[in-house]
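**Q** attaching a predicted model along with its sequence, questions to come.
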Amino acid sequence: MCLTLPAQIIKIDGQTALVKTHNNQEQNILISTIKNPQINDWIMINGNLAIQKISNEEAQELINILK
């Protein structure tokens, strides 16, 4: 089973980023799979891989569901 979760980019270092997950844990992930990643972008992650960007509204809806 694969679970994708919302996370927010807080730091970018080349092809990797430090993100804060929906439960406030920090994690390093690979971001070369998404176009033009920026600090504060919300993304969906699976393991240590960025899947896609999502809007702030989508992220908040998902976080509310996960609580």
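**A** Yes, it's here.

**Q** packing partners for the biggest strand by length in the chain?
**A** In the chain, taking DSSP state E as the definition, the longest strand is strand 5-13. Judged by 3 or more Cβ pairs under 8 Å, 6 or more residues apart in numbering; DSSP states H and E, strand 5-13 is in contact with strand 16-21, strand 26-30, strand 42-46, helix 56-66. All C-beta atoms are positioned from the backbone trio N, CA, C, and that covers glycine.

**Q** I'd like those laid out as a markdown table, including mean pLDDT, mean neighbour count and distance to Ala7.
**A** A markdown table is the format used below for the helices and strands packed on strand 5-13 (pLDDT from 0 to 100; neighbours: other Cβ atoms under 10 Å; distance: least, Cβ to Cβ, whole Å):
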| stretch | mean pLDDT | mean neighbour count | distance to Ala7 |
| --- | --- | --- | --- |
| strand 16-21 | 97 | 19 | 4 |
| strand 26-30 | 97 | 15 | 7 |
| strand 42-46 | 97 | 19 | 5 |
| helix 56-66 | 94 | 13 | 8 |
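
**Q** okay, the ones you listed in JSON lines with distance to Ile9 next?
**A** Compiled in JSON lines, those are given as follows (distance: least, Cβ to Cβ, whole Å):
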{"stretch": "strand 16-21", "distance to Ile9": "5"}
{"stretch": "strand 26-30", "distance to Ile9": "9"}
{"stretch": "strand 42-46", "distance to Ile9": "7"}
{"stretch": "helix 56-66", "distance to Ile9": "11"}
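
**Q** out of the ones you listed, the one nearest Thr4 is which?
**A** strand 42-46 (4.5 Å; Cβ to Cβ).
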